[in-house]
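Participant: what's the 3D shape of this:
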Amino acid sequence: MSTYLVEGGFPLKGSVAVHGAKNSVLPILAAALLAPGECVIHNCPDLSDVEASLAILRHLGCSARREGTSVIVDASAPTRWDVPDRLMREMRSSVIFLGAVLGRMGRASLCAPGGCELGPRPIDLHLAAIRALGGTITEESGGMLCQGALHGADIVLSLPSVGATENAMLAAVCAKGTTTITNAAREPEIVDLQNFLLTLGARVRGAGSSVITIEGGAPLHGGSYTVMADRIVACTYLAAAAAAGGEVEVTGVDWRTLSTVTAVLTEAGCAVRSQPGVISLRRDKPLKGVRPIRTAPYPGFPTDAQAPVMAALCRGSGCTVFVENMFESRYRHVDELIRMGADIRVEGRVAVVYGVPRLHGAQVRSSDLRGGAALVVAALGAEGESRIEDLHHIDRGYQCLEGDLAALGARIRRVAEDRKT
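Facilitator: Numbering: from 1, shown residues only. Below is the predicted model of the structure:
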């Protein structure tokens, strides 16, 4: 097991490049299964979720290897159409392989993603999209078998689900005829997936809008593609600078994808400057509360940014209300922030943050990916030393977080610990 030791109270200064986006590369890796050839994916972050995706591809009979910041996938001759329980449990978003496996192999056998029970669940929209395309789904013993010849269809999503949009796109690329996805998610990562599919020879248009059209059945081939920068990692570094003070610039990210976050940080008292490929933030005075922050589908305030921004706003003056509209259990970091001296009241989907003059170091535990990042942000602005445990959550979405922050002047180090029972 690994732990972060963070000594707070040291301003951050410098420039940091943002690695490739986790939420882009995972569906792109699934899409690589569709191409009967070699795909070279550049700017591919070294994350545990990426390794889990590569393990799934290898199990399916593909060649997958890493060379520096690039990953090479050869899906010339996949041999399997099942993803076993042990691999599905490795990452929550493993269901993204459903559309790709079904589209390429004609059938797919997967267990419930993340070990969740089937029944009322977040993947209902995924399954509805597959059924609309002509797939039949049999559910039994915690798993599902999908099969059938796919055909173009009009898919109307009841919610603009990112995962359901991606799965529908991947399956529709292999379907005969034209598919239209209405009320599609508009996130930049959807655009990135479309651009990768275009590189492979697919005919897809409309990503970034609420209507995506796919002309299925186009012959696909391998190709080379560079993944977009991770806007949530960029947000985390900006929130860290807001919490600790100092001046930081993040490079490689499109500032337009983070405009709702930078607007909040500006309102809180930070000086933010955006230009193509660069966002810089300076914080040299205490933060203050801002108007209510409501998470929403893109282009609204991203739910993944909620926890790191909340951590930064724990210190300072005034009050900030957060309304979490995307997920029910997205405040698991709050109790840990309270251990550090934060004053936060939660009622259902609403969290009220009352700014305090200071936070203090504490021993805390990461319970999820973005919540773990929030604890690091809070620790950088706290007095004394914090111990942050269960880093495997953070490793799912951040490549060497401690290295990037240390390069900015943070006092943070990772230590390995043996836990004895």
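
Participant: So which residues of the stretch 151-300 of the chain form strands?
Facilitator: All strands of the stretch 151-300 of the chain, identified by DSSP state E, counting those that start in this stretch, fall at 154-156, 177-182, 203-205, 211-216, 223-226, 246-251, 271-275, 278-283, 293-294.

Participant: Mind listing the strands the fourth one pairs with, and their directions?
Facilitator: The one in question is strand 211-216. strand 177-182 (antiparallel), strand 203-205 (antiparallel) (DSSP bridges).

Participant: cool, and the last one?
Facilitator: Next to strand 293-294 in the sheet, as set by DSSP bridges, lie strand 319-323 (parallel).

Participant: so can I have TSV of the strands paired with strand 211-216 showing mean neighbour count?
Facilitator: Heads up, the C-betas are built off the backbone N, CA and C, glycines and all. Shown next, in TSV, are the strands paired with strand 211-216 (neighbours: other CB atoms under 10 Å):
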stretch	mean neighbour count
strand 177-182	19
strand 203-205	17
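
Participant: what about the helices in the stretch 101-250 of the chain?
Facilitator: For the stretch 101-250 of the chain, helices defined by DSSP state H, counting those that start in this stretch occupy the ranges 124-132, 162-173, 188-199, 231-244.

Participant: how about these in CSV, adding mean pLDDT?
Facilitator: Formatted as CSV, those follow (pLDDT from 0 to 100):
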stretch, mean pLDDT
helix 124-132, 95
helix 162-173, 97
helix 188-199, 98
helix 231-244, 98
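
Participant: Include distance to Ile41 when you put those helices into CSV, please.
Facilitator: Listed next are the helices of the stretch 101-250 of the chain as CSV, based on distance: least, CB to CB, whole Å:
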stretch, distance to Ile41
helix 124-132, 23
helix 162-173, 15
helix 188-199, 8
helix 231-244, 17
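
Participant: Please identify which of the strands paired with strand 211-216 is closest to Arg387.
Facilitator: Taking CB to CB, strand 177-182 is the member of the strands paired with strand 211-216 nearest to Arg387, at 45.5 Å.

Participant: could you give the angle of that closest one to helix 124-132?
Facilitator: With axes from the mean of the first three to the mean of the last three CA atoms, to 10 degrees defining the directions, strand 177-182 sits at 150 degrees from helix 124-132.

Participant: which residues are contacting strand 177-182?
Facilitator: 129, 133, 151-157, 165, 168-169, 172, 210-217 (CB atoms under 8 Å, 6 or more residues apart in numbering).

Participant: hmm, back to that, can you tell which of the strands of the stretch 151-300 of the chain is closest to Ala374?
Facilitator: strand 293-294 (13.7 Å).

Participant: and of the strands of the stretch 151-300 of the chain, who's closest to Arg65?
Facilitator: Using CB to CB, the strands of the stretch 151-300 of the chain put strand 223-226 closest to Arg65, at 15.0 Å.

Participant: count of residues packed around the residue nearest to Arg273 when sequence neighbours are not counted?
Facilitator: In space, and not counting its chain neighbours, Arg273 is closest to Ser280: 4.8 Å by CB to CB, 6 or more residues apart in numbering. Neighbours of Ser280 under the rule other CB atoms under 10 Å: 18.

Participant: beta partners of Ser280?
Facilitator: Glu249, Arg273.

Participant: give me every residue that touches it.
Facilitator: 247-250, 272-274.

Participant: try it again with 7 Å
Facilitator: Ser280 makes contacts with 247-249, 273, as judged by CB atoms under 7 Å, 6 or more residues apart in numbering.

Participant: Quick one: closest of the helices of the stretch 101-250 of the chain to Arg339.
Facilitator: Shortest distance between Arg339 and the helices of the stretch 101-250 of the chain, using CB to CB, is found for helix 231-244: 16.1 Å.

Participant: Relative to Leu34, which of the strands paired with strand 211-216 is closest?
Facilitator: Here strand 203-205 is closest among the strands paired with strand 211-216 (CB to CB), at 11.7 Å.

Participant: Now the buried members of the contacts of Ser280.
Facilitator: 247-249 (16 or more other CB atoms under 10 Å).

Participant: Find the nearest non-adjacent residue to Met105, please.
Facilitator: In space, Met105 is closest to Trp81, 4.0 Å off (CB to CB, 6+ apart).

Participant: is it true that the one you found touches Arg107?
Facilitator: Yes - at 5.2 Å, Trp81 counts as touching Arg107 under the criterion of CB atoms under 7 Å.

Participant: higher neighbour count, the two?
Facilitator: Trp81 (19 against 14).

Participant: mind listing what that one touches?
Facilitator: Counted by CB under 7 Å, 6+ apart, Trp81 has contacts 101, 105, 107-109.

Participant: And those residues, which two are furthest apart?
Facilitator: Maximum distance among these (CB to CB): 9.8 Å, for Met105 and Ser109.

Participant: Domain-wise, how is this structure divided?
Facilitator: Here the domain parsing of the chain from automatic domain parsing is 2-18+230-416, 22-226.
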